[in-house]
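Undergrad: What follows is a predicted structure for the sequence shown.
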Amino acid sequence: MDVEIPSNLKPLMILEFVADHEGDLTLTEIADGLRLPKPTVHRLLQLLERQGFLRQIDGGRFYALGERSQLFAVNALASRRAQTSRRQVLFWLRDQLKETCTLAIPSDEGMRYIDRAEVDSPLRITFPVGSIVPFHCTASGKLFLSTLSDDEVEGLIGGSTLTQFSVDTITSMEQLATELAQIRNCGYAIDNQEFLAGTVALGVPVFDIKKRMSLVLTVQAPVFRLPVESIENCLPVLREAAKRLEVLMRPDDPS
């Protein structure tokens with residue numbers, strides 16, 4: 001005999017189901033997977049979408065986790081170990097590289113900064129926590145786009161103009177597709193004065209326990225302090241910091 005699921009648990013079960021699956025899901029897939037009536041699931045999906053916990057993809061045919069769910073997951077997992085927080089990792093990375101370091105997640109409008117550790121210098125790049133930067137011309141944004149298929153990239157930004165922020169900004173989908181293919185191959189992304197003239201950035205992924213990219217960790221600097229020709233020298237310490245963040249995001253061992 002099936003146990004009746006309390007109404008207040010159903011939205012959480014939907015979020016858990018979506019988070020536990022690769023790719024985007026349809027209403028039918030969610031309803032069948034949870035053995036819930038489609039009308040019930042449809043109502044709860046609309047509620048979760050309005051509140052930012054889910055987002056609609058491809059004109060509403062598919063659902064994926066929204067920015068609010070991603071922020072909740074990052075904060076909940078990072079807070080499991082109070083003595084070794086993600087900010088301490090960021091500060092360690094900043095001190096190693098002597099440049100500003102940030103963490104970002106994708107939102108509907110671009111990449112949102114959720115944490116940062118700024119270098120103590122009068123010449124620094126300042127975007128406060130909560131700022132949103134474009135997908136197509138930032139290290140964090142291009143790294144996120146590289147995890148999507150060409151069709152998904154086209155669906156996300158293909159219908160909009162690729163705004164030119166500097167003379168080096170990628171402004172064509174063909175050029176962007178070539179860049180994303182290179183990023184998929186090497187596993188990191190570089191912003192070579194594409195968003196802000198005179199500044200560069202390097203981004204690496206932070207993976208969750210299922211090896212999905214959950215965060216992007218970047219170092220940002222004026223090009224005169226960190227020439228693009230030498231920016232890849234930051235990769236070893238950047239990847240070490242990413243590994244430390246991944247450890248923080250793992251569920252505690254019950255043993």
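TA: Perfect, thanks for sending it. Residues are numbered from 1 along each chain as shown.
Undergrad: Contact partners for the residue nearest to E109 when sequence neighbours are not counted?
TA: Once its chain neighbours are removed from consideration, E109 has its nearest residue in I132; the separation is 5.2 Å (Cβ to Cβ, 6 or more residues apart in numbering). The way it works is simple: take the backbone N, C-alpha and C, and place the C-beta from them, glycine included. Contact partners of I132, counting by Cβ atoms under 8 Å, 6 or more residues apart in numbering, are S107, E109, G110, M111, R112, Y113.
Undergrad: phi, psi of I132?
TA: Summarising the backbone geometry of I132 under the convention degrees, to the nearest 10, its torsions are phi -120, psi 130.
Undergrad: and if you look at the one 5 residues further on?
TA: Taking degrees, to the nearest 10, you get phi -130, psi 20 for the backbone angles of C137.
Undergrad: residues touching it, list them.
TA: Residues in contact with C137 (Cβ under 8 Å, 6+ apart) are L162, T163, F165, S166, T169, I170, D191, E194, F195.
Undergrad: now swap in D108 and tell me
TA: By Cβ under 8 Å, 6+ apart, the contact set of D108 is R55, G66, E67.
Undergrad: what do you get if the cut-off is 10 Å, keeping everything else the same?
TA: For D108, the contact set (Cβ atoms under 10 Å, 6 or more residues apart in numbering) comprises G52, R55, Q56, G66, E67, I132, L156.
Undergrad: Just the C-alphas of stretch 194-202, formatted as CSV.
TA: The C-alpha atoms that make up stretch 194-202 are tabulated as CSV, following Å, rounded to 0.1, in the frame of the first residue of the first chain:
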residue,chain,number,x,y,z
GLU,A,194,36.5,40.7,-23.7
PHE,A,195,34.3,42.2,-21.0
LEU,A,196,36.4,45.0,-19.6
ALA,A,197,39.3,46.4,-21.6
GLY,A,198,42.5,46.1,-19.7
THR,A,199,41.4,43.2,-17.5
VAL,A,200,41.8,39.4,-17.8
ALA,A,201,40.2,36.5,-16.0
LEU,A,202,40.7,32.7,-15.7
